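[1] Provided below are the primary sequence and the corresponding predicted coordinates.
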Amino acid sequence: MIKQTEPFKFTTGVIAYPLFFVLTLWLVFWFEIRFGFNFSNYGVYPQNLKGLRGVIFSPFIHGDIEHLYHNSIPLLVLCTALFYFYRPVAWKVILYGILLSGFLTWCIGRPSYHIGASGLIYVLVSFTFFKGVFAKYYRLIALSLLVVFLYGSMIWYTMPIKEGISWEGHLSGLITGLVFAMLFKKQIAQPKKYVWEQDNFNEEDDVFLQHFDENGNFIETEVEPIDIDEIPPPVVKYFLKVKPKEDENFTAKG
């Protein structure tokens, strides 16, 4: 049975939270341009204690408007799907995903500043895909297939195929999402179990299965003939409805 009362219920937060998060990224970028700041030094710098602050700040920092634009659309789409299909664990996936993927990037990354929300995007892609496969629930599987169709090509960027891209952050996000898909099991919609799939099901008590033997062969049973003469005839009752006399003082209200 589905553990949640209403697992897929649309609320204001499904749109509001992802939109607010993306707007925050744009607000930080606007602040940099407007006042001439450069927050790139607040990114993740691997194997450096000072670089650990980037674990928290790096998802909000982007190098240019193209970088921010390419991260905003998938982030908005994936966060919306997360809050709709996985609302009970959505905040955990986002917050813990930022921390864990950022820390893994700090552990395995090159000595350079790693910035951008792409690590979180890979967390969401990985979690959404693997969780749908593990849950074996048709709606979540459909979401997994949709994610593969839209963002399946992103898997190539978890490898060092292009200069200037933090493949370490992408790989960290992919690993983090897979770990979360295996850990977060409670309050996730589960496929409905029929009576015969439940643990307490007893085949001997099932009326339908009693017509078959242990090999699945149908057991013929003798049916006692029915004597038609013993069946009482049906009783038909007639009711006479008398039309009332018309009242001269009757007034119709319209």
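    Great, that's in hand.
[2] Residue 38: neighbouring residues, count only.
    For residue 38, the count of nearby residues is 9 (other C-beta atoms under 10 Å). For every residue, glycine as well, the C-beta is placed using N, CA and C.
[3] Please name the nearest non-neighbouring residue to the spatially most central residue of the chain.
    Nearest to the geometric centre of the chain sits residue 85, at 3.1 Å (C-alpha atoms, centre = their mean). Computed as C-beta to C-beta, 6 or more residues apart in numbering, the closest residue to residue 85 that is not its neighbour in sequence is residue 143, at 5.8 Å.
[4] what helix or strand does the one you found sit in?
    Secondary structure assigned from DSSP states H and E places residue 143 in helix 138-151.
[5] Any stretches of this protein with poor pLDDT?
    By pLDDT under 70, the weakly predicted segments of the chain are 1-8, 186-230, 236-254.
[6] again, only this time at 90
    1-11, 132-143, 152, 161-164, 184-254 (pLDDT under 90).
[7] Please, where are all the helices along it?
    Ranges of helices in the chain, per DSSP state H, are 12-35, 54-57, 65-85, 90-108, 118-135, 138-151, 167-183.
[8] so what secondary structure elements neighbour the second one?
    For helix 54-57, the packing partners by 3 or more C-beta pairs under 8 Å, 6 or more residues apart in numbering; DSSP states H and E come out as helix 90-108.
[9] Now do the buried residues in the helix it packs on.
    Neighbour-count burial for helix 90-108, with 16 or more other C-beta atoms under 10 Å as criterion, is recorded at 90, 93, 94, 96, 97, 98, 100, 101, 102, 104, 105, 106.
[10] Would you agree the second one is in contact with residue 85?
    Put plainly, it is residue 93. No. Applying C-beta atoms under 8 Å, one finds residue 93 not in contact with residue 85, separated by 11.2 Å.
[11] Just give me the neighbour total for residue 185.
    13.
[12] brain fart, residue 30
    Residue 30 has 12 nearby residues by other C-beta under 10 Å.
[13] related to what we said a few turns ago, what would the helices of the chain look like in CSV with distance to residue 233?
    Converted to CSV, those look like this (distance: least, C-beta to C-beta, whole Å):
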stretch, distance to residue 233
helix 12-35, 64
helix 54-57, 86
helix 65-85, 61
helix 90-108, 67
helix 118-135, 59
helix 138-151, 53
helix 167-183, 68
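[14] Please identify the deepest-packed of those.
    helix 118-135 (a mean of 25; mean count of other C-beta atoms under 10 Å).
[15] ok, so what distance separates the closest residue to residue 28 other than its chain neighbours from residue 145?
    Computed as C-beta to C-beta, 6+ apart, the closest residue to residue 28 that is not its neighbour in sequence is residue 60, at 4.9 Å. Using C-beta to C-beta, to the nearest Å, we find residue 60 at a distance of 31 Å from residue 145.
[16] now swap in residue 48 and tell me
    Going from residue 48 to residue 145 by C-beta to C-beta gives 41 Å.
[17] Tell me which of the helices of the chain lies nearest to residue 159.
    Closest to residue 159 of those is helix 167-183 (C-beta to C-beta; 5.8 Å).
[18] just the angle between that closest one and helix 118-135, please?
    30 degrees (axes from the mean of the first three to the mean of the last three C-alpha atoms, to 10 degrees).
[19] In terms of secondary structure, what does helix 167-183 contact?
    Contact here means 3+ C-beta pairs under 8 Å, 6+ apart; on that basis helix 167-183 packs against helix 90-108, helix 118-135.
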